[in-house]
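Asks: Coordinates for the following, if possible.
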Amino acid sequence: MKLAPWQKTVADDPSRFKVVVAGRRAGKTFLSIREICYRAREPNKTIFYITSSYRAARMIVWKPLKQRLLDLRWVSKVNESNLEITLKNGSVIALKGADDGGQKLRGISLSYVVIDEAAQCQLEDLWGEVLRPALADQQGGALFISTPMGKANMLYDLWLDAQDNENWMTYSITTLEAGFVSQEEIDQARTEMNDKQFRQEFLATWEDAAHRVAWNFDRDKHIRSAPITANKETILIGMDFNIQPLVCAIFVADNKEDLYQIDEIVINESHTQEMAEEIKTRYPNKKIVVFPDPSGSRRQTSSGGKSDHIILENAGFQVLAPRKHDPVKDRINTFNSRLLTANGETHLFFDKRCKYTIECLDKHVFKVGTQIPAKDGVNDYSHMFDAASYAVSYLMKLRKQAQPVKPQRWTVR
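Replies: So this is what the prediction gives:
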C-alpha cells in the first residue's frame, strides 16, 4: 500500500505502542488498514480493529479492509455477520465495538490491535482492563489513532503518559500536513467553524475543556518544581473530607506570594485518622498546617464523637479554617487569581508529580449553562480542586482595595 509521507513515518516506527492524533480527512483509516494487513501477513495472528461501536466499525473500515485483503488474495473465509476475516495463513482479523468499554472482549489473546477514533472509546476500561492484558502473552502492539477531543478526554492522558514511556511514540498531524485536503478547502472551513472547532478538527490540537472551573490553569505556565528557597519546614495542606476519595493537596510557600503544590494524597474508602497517619509518615518532624473543609468542625459519630478538625489537632497539626464556608464563587475566583493576576503574574504552581491534581484542574468544569461546579458524575474531579482551593483561598484571600475617600468639609455661608 502506497503511503503518504506522514503515514510512512508512523508505519516505519518500530515502537510497540503508537498514539496518533490527526486532523479530519488526514488518512487515519488508510493507515489503520495498512497496519492491520502488515501484521496479518504473519501466520496465526489475531488482530482486532476497535472503534466506538460495532456499527461504526462496519461503516468505517469493513468494506475497504475486506476489498484490500481480497485483492491480495489472502482471504480464506469472510464472516459478514461477525465482521471477521480468516486468512489462508491462519490469521484472523475481527472488527469490534467499544460500546461497553470492551467488557465482552475479556479473556482473549491478541497479536495486535488498532483503536480507531480512540477519543470516542471508553479507554480507561478498554485499554487498562481489557486490551493491555490481552496483548501481554504475545507481546503484541497497539495503534491508537484519532482526532483529539479535548484535554478532558482519556486519550489526552494516554498521549501525555506515552511521552515518558519506553516503547511508546506519539504523533500529531494537521489536515494540511497530511496532504489530502487543499489549502482552499481548509481556508473555507475556517470561515464556517468557530476557532476552537477548527483547531481541534483540522489542526489536531488538544483544546481545554469548555467552562473549566480553573479557567486560568495552563500546564506550560503552572507545572513547576518548588525552588530551593521554598520553606519546606512548614507543610501547608488543603484537605477535603470525603470517603471516596479522601484527598489532600500539599503545598510549600516560597514567599508571601507564591505557593507550590509539591505532593498529593488520594486514599479511597478512608477516614481522617488514617489520612493524618499518612501525612505524619510522609512528613515527619515538620510543622503541619491544615486548611480543611470547614464542615469538618461538626461532630462525626463514626469517629467516636470527635470532629475531623479535632482528629487533626490531636495528631499535632495546626488547623486553620473559617467558621463557615466561603461562597464557592469567591473561592474559585481567588484560586484563579493566584493562577493569573490581572497584572499577568503567576503565584500558584504544581509539581509534575501531582498528576491527579493536574488532571482535576484540566477536567473539573461547571454544569452546562451555569456557574455551579459539576460534582458526583461518573468521574468527579471536584474533590482535589476543593482541597487545593481551601488552602489557597485561606492563605490568599481576595481583598477589595478600598479607595481612600477625601474628607469633605462643610461650611455655612
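Asks: CA atoms for contacts and neighbours, from now on please.
Replies: Will do.
Asks: how near is I310 to P292?
Replies: As for I310, its distance to P292 is 11 Å (criterion: CA to CA, to the nearest Å).
Asks: Ok, N194 next?
Replies: From N194 to P292 the distance is 41 Å (CA to CA).
Asks: okay, I310 and P292: which has more neighbours?
Replies: P292 (28 against 17; other CA atoms under 10 Å).
Asks: Give me the three-state assignment for the closest residue to the more buried one other than its chain neighbours.
Replies: The shortest distance from P292 to any non-neighbouring residue, by CA to CA, 6 or more residues apart in numbering, is to M239 (4.5 Å). Three-state assignment for M239 (DSSP: H, G, I helix; E, B strand; the rest coil): strand.
Asks: Double-check M239 against E264; I have them as touching.
Replies: No: with contact defined as CA atoms under 8 Å, M239 does not reach E264; the gap is 10.0 Å.
Asks: Give me the common contacts of these two.
Replies: Listed as contacting both M239 and E264 by CA atoms under 8 Å, 6 or more residues apart in numbering are 247-249.
Asks: Let's see if you can find the most crowded of the residues you listed.
Replies: C248 (30 neighbours).
Asks: As PDB, could you dump the C-alpha coordinates of the one helix or strand that residue maps to?
Replies: Using DSSP states H and E, C248 sits in strand 246-253. Extracted C-alpha coordinates of strand 246-253, given in PDB (Å, rounded to 0.1, in the frame of the first residue of the first chain):
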ATOM      1  CA  LEU A 246     -10.300  11.400  50.800                       C
ATOM      2  CA  VAL A 247      -7.700  13.800  49.400                       C
ATOM      3  CA  CYS A 248      -5.000  16.300  50.400                       C
ATOM      4  CA  ALA A 249      -3.200  18.900  48.400                       C
ATOM      5  CA  ILE A 250       0.200  19.600  49.900                       C
ATOM      6  CA  PHE A 251       2.000  23.000  49.500                       C
ATOM      7  CA  VAL A 252       5.000  24.900  50.500                       C
ATOM      8  CA  ALA A 253       5.400  28.700  50.300                       C
END
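Asks: Hey, what's the angle from the helix or strand following it to strand 246-253? Just curious.
Replies: Under the assignment DSSP H and E, the closest C-terminal helix or strand after strand 246-253 is strand 259-267. Interaxial angle of strand 259-267 relative to strand 246-253 (axes from the mean of the first three to the mean of the last three CA atoms, to 10 degrees): 160 degrees.
Asks: Quick check: buried residues in stretch 343-358?
Replies: 346-352, 354, 356-358 (16 or more other CA atoms under 10 Å).
Asks: What's the end-to-end length of it?
Replies: 24 Å.
Asks: With stretch 133-140 instead?
Replies: 10 Å.
Asks: how does the chain divide up, domain by domain?
Replies: 5-202, 219-395 (automatic domain parsing).
Asks: now these in CSV, with mean pLDDT?
Replies: Shown next, in CSV, are these (pLDDT from 0 to 100):
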stretch, mean pLDDT
domain 5-202, 92
domain 219-395, 88
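Asks: Arrange those domains in JSON lines, one row each, with distance to H211 as further columns.
Replies: Putting the domains of the chain into JSON lines (distance: least, CA to CA, whole Å) gives the following:
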{"stretch": "domain 5-202", "distance to H211": "11"}
{"stretch": "domain 219-395", "distance to H211": "6"}
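Asks: what about V113, neighbour count?
Replies: Around V113 there are 28 residues (other CA under 10 Å).
Asks: circling back: higher neighbour count, M239 and E264?
Replies: Just comparing M239 and E264: by other CA under 10 Å the higher neighbour count belongs to M239, 29 against 21.
Asks: Roughly how far does the more buried one sit from P327?
Replies: 17 Å.
Asks: before we move on, the earlier item: looking at the shared contacts of M239 and E264, which is nearest P227?
Replies: Nearest to P227 among the shared contacts of M239 and E264, counting by CA to CA, is A249 at 18.0 Å.
Asks: Please list all residues in contact with that closest one.
Replies: 237-239, 261, 263-265, 357, 384, 387-388.
Asks: how much space is there between it and K352?
Replies: For A249, the distance to K352 - CA to CA - is 13 Å.
Asks: can you check R132 too?
Replies: R132 is 25 Å from K352, by CA to CA.
Asks: any chance you could map the strands in the stretch 301-413 of the chain?
Replies: 318-319, 348-350 (DSSP state E, counting those that start in this stretch).
Asks: Name the residues that touch the shortest one?
Replies: The set of residues external to strand 318-319 that reach it, using CA under 8 Å, 6+ apart, is 288-292, 309, 312-313.
Asks: again, but for the last one
Replies: When contacts are taken as CA under 8 Å, 6+ apart, the neighbours of strand 348-350 outside the stretch itself are 222-226, 258-262, 338-339, 358.
Asks: Generate a PyMOL selection restricted to the buried entries among these.
Replies: To isolate the buried subset of those in PyMOL, counting by 16+ other CA under 10 Å, use the following:
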select buried, resi 222+223+224+226+258+259+260+261+262+338+339+358
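Asks: Looking at the contacts of strand 348-350, which is nearest I145?
Replies: Closest approach to I145 among the contacts of strand 348-350 (CA to CA): I358, at 24.2 Å.
Asks: separation between that closest one and S382?
Replies: From I358 to S382 the distance is 12 Å (CA to CA).
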